[in-house]
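Student: generate coordinates for the sequence data below:
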Amino acid sequence: MATDKLERIYTVNLSGAYGYPRTKRAIKAVEILRAFIARHMKARDGKVTISNAVNALVWGRSIQKPPRRVKVRAVKEGSDVKVSLVDEKQAKVKFATKKRATAEERKPKAAPKKAAEAKPDTAKKEDKPAEKKDAKAQPAKAEPKAADAAAKKAPAKK
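Tutor: Presented below is the predicted three-dimensional model:
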């Protein structure tokens, strides 16, 4: 049997979600959309898959304010229905599932030796105080005094 594709575009009214409490409206809007597509595409036994773009559109203004209506494209393959936005491009490339890691891959890698790590840490601690001592030894106030003296010599303009 050849795989027949049935494709339709619907404008689904989601305003029924506004009859529910504010904290459940987006959830009900998704349920209304799923029920509408299942009824009109005759996919009661099958699965209705809603794309991420449609879900983002419904949830875009938070849970309290879903859109009143949404325009979607429904594609039926066998008993499964996929719902996407009308403007959304269909993904033609299917991604392979991730292969499970073997027992060797799951083993933690050996940690480096603690003695080797301690030496660089102590060297860094010793360097930092030496740098601070050098900075204190050099006078940093010589330049501001010269600038103040030059400012006093210049006449003030009115």
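Student: where exactly do the helices run in this structure?
Tutor: According to DSSP state H, the chain carries its helices in the segments 25-40, 52-59, 103-106, 114-137, 142-153.
Student: lowest average pLDDT across those helices?
Tutor: When the helices of the chain are compared on mean pLDDT, helix 114-137 scores lowest, with a mean of 56.
Student: thought Ile32 was touching Tyr18?
Tutor: No. The criterion here is Cβ atoms under 8 Å, and Ile32 misses it with Tyr18 at 10.7 Å. For every residue, glycine as well, the C-beta is placed using N, CA and C.
Student: tell me which of the two has more neighbours.
Tutor: In this view Ile32 and Tyr18 are compared by other Cβ atoms under 10 Å, and Ile32 has more residues nearby, 20 against 14.
Student: need the contact list for that one.
Tutor: If a contact means Cβ atoms under 8 Å, 6 or more residues apart in numbering, then Ile32 has 12, 14, 16-17 as its contacts.
Student: hmm, try it at 6 Å
Tutor: 14, 16 (Cβ atoms under 6 Å, 6 or more residues apart in numbering).
Student: now it: how far from Arg106?
Tutor: Per Cβ to Cβ, to the nearest Å, Ile32 is found 44 Å from Arg106.
Student: repeat for Ile63
Tutor: Distance, Ile63 to Arg106, using Cβ to Cβ: 39 Å.
Student: neighbour count: the two, which is higher?
Tutor: For Ile63 versus Arg106, neighbours defined as other Cβ under 10 Å are more numerous around Ile63 (16 against 8).
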